[in-house]
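Trainee: Sequence first, predicted model second:
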Amino acid sequence: MLYVIRRDWTEWVEAFSTLTEAQARFDVLKAEQPEWNLQILAEEQEIEDKPEQGKVYSLFGAKGEPCIAKGNSWAESEVKE
């Protein structure tokens with residue numbers, strides 16, 4: 001099982017093979033970035049990832065930019081400019 005630390009339920013931060021490792025890193029991140037909304041999710045837990053009406057998403061992006069074609073989520077591919 002893989003334990004993933006996410007920010008705001010959508011932004012992937014880090015992944016660990018044990019819950020103990022994930023919890024230790026989670027505690028450090030919460031202390032360093034208290035304003036972040038962090039969660040630990042097990043791999044089997046599904047996150048709803050779909051486009052939202054009224055938002056703009058990058059389907060094809062430049063090198064290093066998140067986009068749907070490169071496998072990024074809709075949330076990660078949102079254009080925020």
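Mentor: Thanks, I have it. Residues are numbered from 1 along each chain as shown.
Trainee: Make sure I have this right: Lys30 is in a strand.
Mentor: No. Looking at Lys30 with DSSP: H, G, I helix; E, B strand; the rest coil, it is helix, so not inside a strand.
Trainee: quick one, what contacts it?
Mentor: Contact analysis of Lys30 by CB atoms under 8 Å, 6 or more residues apart in numbering lists 36, 38. Glycine gets a C-beta too; all of them are placed from N, C-alpha and C.
Trainee: For Glu78, see how far away it is.
Mentor: Using CB to CB, to the nearest Å, we find Lys30 at a distance of 25 Å from Glu78.
Trainee: What segments of the chain are helices?
Mentor: Using DSSP state H, the helices of the chain run over residues 19-32.
Trainee: what's the domain layout of it?
Mentor: 1-47, 48-81 (automatic domain parsing).
Trainee: Output the ones you listed in a markdown table; the columns should cover mean pLDDT.
Mentor: Shown next, in a markdown table, are the domains of the chain (pLDDT from 0 to 100):
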| stretch | mean pLDDT |
| --- | --- |
| domain 1-47 | 84 |
| domain 48-81 | 88 |
